[in-house]
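Student: sequence and predicted structure are below.
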Amino acid sequence: MQRIHIPFAVRVLTVVVASTMAFSVAAAQSNQPPERFTAFTVSLNTGAAGASVIEIDVKRWSSQAEQEKLAQTLVKSGPEALLEVLRDMQPVGTIRTPDSLGYDLRFAHQEPAEDGGRRIIIGTDRPISFWEAVNRPRSFDYPFTVIEIHMPKEGPGQGKASIATRITAMGKTISLENFATTPVQLNQVKSEMRPRP
């Protein structure tokens with residue numbers, strides 16, 4: 001298993017500081033237009049290059065209230081409660097391959113990066129098959145999908161997708177533990193703004 005420690009105030013499911021400035025920034029980012037991302041996926045476990053294309057449609061960005069609710073639930077009640085809250089949230093978009101049906105995304109956040117680009121965090125619950133639900137293998141304990149994309153000011157971006165992930169809070173740090181040894185690499189990420197529905 002791979003365990004990744006991520007600064008609590010910077011990355012996934014951030015605890016937002018309750019100040020006027022933080023609220024303004026979050027409100028501004030949640031009002032950004034819908035956006036579609038396409039990328040080539042590379043499994044770092046097998047070394048396969050450009051195995052498939054993935055499409056991520058963000059139809060809306062998570063609100064300040066949603067961010068705070070998720071973060072507080074994780075810290076106060078743990079990952080099981082986080083999963084239930086996440087599943088109850090209205091979808092923010094979908095993720096799919098060109099020849100498959102879309103699967104709902106539950107969280108989407110973007111923030112400025114130091115190089116002038118953007119860091120995008122997307123999260124959702126992972127589809128659990130009937131076989132997994134009945135037999136409860138070890139993968140059953142890794143019910144989250146977390147995607148991080150970095151889009152520079154110009155040109156294509158890159159990112160990683162942790163498909164089967166366990167999320168835990170450790171003080172001021174969120175710990176992501178992948179069921180697989182490494183996440184899926186997202187290469188040549190392209191962005192297209194979409195009209196509002």
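Tutor: Perfect, I can see it now.

Student: so in the chain, which strand runs the longest?
Tutor: Scanning the chain for the longest strand, with DSSP state E as the assignment, gives strand 157-170.

Student: and the helices in this protein?
Tutor: Using DSSP state H, the helices of the chain run over 20-30, 64-77, 79-88, 130-135.

Student: ok so, going back, distance from the chain centre to the longest strand of the chain, please.
Tutor: Offset of strand 157-170 from its chain centre (CA atoms, centre = their mean, to the nearest Å): 7 Å.

Student: tell me what it is packed against?
Tutor: For strand 157-170, the packing partners by 3 or more CB pairs under 8 Å, 6 or more residues apart in numbering; DSSP states H and E come out as helix 64-77, helix 79-88, strand 144-151, strand 173-178, strand 184-193. The C-beta positions use only the backbone N, C-alpha and C, and glycine is treated the same way.

Student: any stretches of the chain with poor pLDDT?
Tutor: 1-30, 44-51, 128-135, 137, 139-140, 170-175, 180-181, 196-197 (pLDDT under 70).

Student: so which residue is smack in the middle of the protein?
Tutor: By CA atoms, centre = their mean, the mean C-alpha position of the chain lies nearest to residue 122, the distance being 2.2 Å.

Student: leaving out chain neighbours, which residue sits closest to that residue?
Tutor: Spatial nearest neighbour of residue 122, excluding adjacent residues (CB to CB, 6 or more residues apart in numbering): residue 147 at 4.2 Å.

Student: dump the C-alpha coordinates for stretch 112-122 into CSV.
Tutor: Output of stretch 112-122 as CSV, limited to C-alpha atoms (Å, rounded to 0.1, in the frame of the first residue of the first chain):
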residue,chain,number,x,y,z
PRO,A,112,-4.5,29.0,-7.8
ALA,A,113,-1.1,27.3,-8.1
GLU,A,114,2.2,29.1,-7.4
ASP,A,115,3.1,29.0,-11.1
GLY,A,116,0.0,31.0,-12.1
GLY,A,117,-1.9,27.9,-13.1
ARG,A,118,-4.5,25.9,-11.2
ARG,A,119,-4.7,22.9,-8.9
ILE,A,120,-7.9,21.0,-9.2
ILE,A,121,-9.1,18.4,-6.7
ILE,A,122,-12.0,16.0,-7.5
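
Student: what comes up buried for it?
Tutor: By 16 or more other CB atoms under 10 Å, the buried positions in stretch 112-122 come out as 117, 118, 119, 120, 121, 122.

Student: need the max-distance pair from these.
Tutor: Pairwise distances across those peak at 16.1 Å for 117 and 122 (criterion: CB to CB).

Student: run a quick neighbour tally on residue 146.
Tutor: 25 (other CB atoms under 10 Å).

Student: no more questions from me, cheers.
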